[in-house]
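Asks: no sequence on hand, only this structure:
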């Protein structure tokens, strides 16, 4: 489907909300060259993956140039991501 909403680019994101992913794609498409990859992990109590899992994968992927996180109030996984940035495990711009 031809759509500017999902055009290929270099921004990789992870979202806590699947529903907000459409709006996030819209914002990214309007303000950058587009989305490289987007993942919505959901807000389940026992998720199948975490923010850090995907950000470490994006760190090693040359196609992902800019990393974006859409979390939720009250989450704690964001702190693990910040610790990875502070320790140098993630060096790409977030």
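Replies: Looks like it came in fine. As the structure is a computational prediction, the values presented were derived from the model and not from experiment.
Asks: and residue 47, what's its pLDDT?
Replies: pLDDT, residue 47: 78.
Asks: actually, residue 44.
Replies: If you check residue 44, the pLDDT there is 76.
Asks: and for it, the neighbour number?
Replies: Per other C-beta atoms under 10 Å, the neighbour tally for residue 44 reads 8. Any C-beta I mention is one placed from the backbone N, CA and C, and that applies to glycine too.
Asks: A helix includes it, no?
Replies: No. Read with DSSP: H, G, I helix; E, B strand; the rest coil, residue 44 is coil and lies in no helix.
Asks: the nearest residue to residue 32 once chain neighbours are set aside sits in which helix or strand?
Replies: Spatial nearest neighbour of residue 32, chain neighbours left out: residue 11 (5.2 Å); criterion: C-beta to C-beta, 6 or more residues apart in numbering. In the assignment (DSSP states H and E), residue 11 maps to strand 8-15.
Asks: the helix or strand just after that strand: how far from the chain's middle?
Replies: Per DSSP H and E, the first helix or strand lying C-terminal to strand 8-15 is helix 18-31. The chain centroid and the centroid of helix 18-31 are separated by 11 Å under C-alpha atoms, centre = their mean, to the nearest Å.
Asks: buried residues in helix 18-31?
Replies: The neighbour-count check on helix 18-31 (16 or more other C-beta atoms under 10 Å) flags 21, 24, 25, 28, 29 as buried.
Asks: what's the weakest-modelled helix or strand in this protein?
Replies: Least confident helix or strand of the chain, by mean pLDDT, DSSP states H and E, is helix 18-31 with a mean of 88.
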